[in-house]
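1. have a look at this prediction, sequence included:
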Amino acid sequence: MLALVNWLIAHWWVLVVLAVAAAVAGAGIVHQRRQRAMWADVQRRGLRFALAQIDGLHHRDFEYAVRDLMRRDGCADARQIGGAGDNGADVLATDPLGRKWVIQCKHRRNGAQGSPVGTPDLQRVNGTARQLYGADVVLVVTNGRFSVRCAPLAQQLRMHLVDRKVLAAWAAGSRPLWDLLPTVPPPRRSTPLS
């Protein structure tokens, strides 16, 4: 061991070369991680779904797709919570303007040909969205259609409905969901534009 220490003292430049090599390797690793993160961000922002893809999803995967679309639009905290005990909410998110979204997802295996979403589904999410989750925006989204009684009830309850047509525009990626909905509540926090 003493011989090795003496050799390193005599050949100090070896330690300098090893230190430089370690620094270069570390910089390379950091660069690779940044590149991967940037690519993941590009992929997230470029997320698009066609209606045929959405129709082919399992109902749970539909919830994850809605979550991912909210993330694409800037809701970094969007999360899928649907399942037993979800209290009428499948996706929770906070948009870039601070508004809290509670979303109930209703996937129809046969798309527009499937059974319509009815008023009980609206009542269920409305009963918990604001009280339990503090929602600013309450939304029911489907790849199908809503019964004729849903639109008047949604208006009375200050809820939003995203049917197949709005879902197609949103999933295509041209605009965030809040730009496609009428009368979304004002931002919770001020922005440079407000």
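-> That came through, no problem.

2. give the helix, strand or coil label for Arg175.
-> Counting by DSSP: H, G, I helix; E, B strand; the rest coil, the backbone at Arg175 sits in coil.

3. thinking it is in contact with Leu181, fair?
-> No - Arg175 lies out of contact with Leu181 (CB atoms under 8 Å); the separation is 10.3 Å. Backbone N, C-alpha and C define where each C-beta goes, glycine included.

4. mind listing the strands for this structure?
-> 79-80, 91-94, 100-106, 137-142, 160-162 (DSSP state E).

5. ok, Thr94 - contacts?
-> For Thr94, the contact set (CB atoms under 8 Å, 6 or more residues apart in numbering) comprises 75, 77-78, 100-101.

6. which of these count as buried?
-> 75, 78, 100-101 (16 or more other CB atoms under 10 Å).

7. among those residues, which two are most distant?
-> Ala78 and Lys100 (11.0 Å; CB to CB).

8. got any residues that touch both of the two?
-> 92-94.

9. ok, and the closest non-adjacent residue to the spatially most central residue of the chain?
-> Centroid-nearest residue in the chain, with CA atoms, centre = their mean: Arg71, separated by 2.8 Å. The shortest distance from Arg71 to any non-neighbouring residue, by CB to CB, 6 or more residues apart in numbering, is to Ala78 (4.7 Å).

10. can you pull the contacts of the one you found?
-> 67-68, 70-71, 91-94.

11. what's the closest of these to Ala135?
-> Comparing those against Ala135 with CB to CB places Leu92 closest, at 8.5 Å.

12. per-residue confidence at the closest one?
-> Leu92 is assigned 96 on the pLDDT scale.
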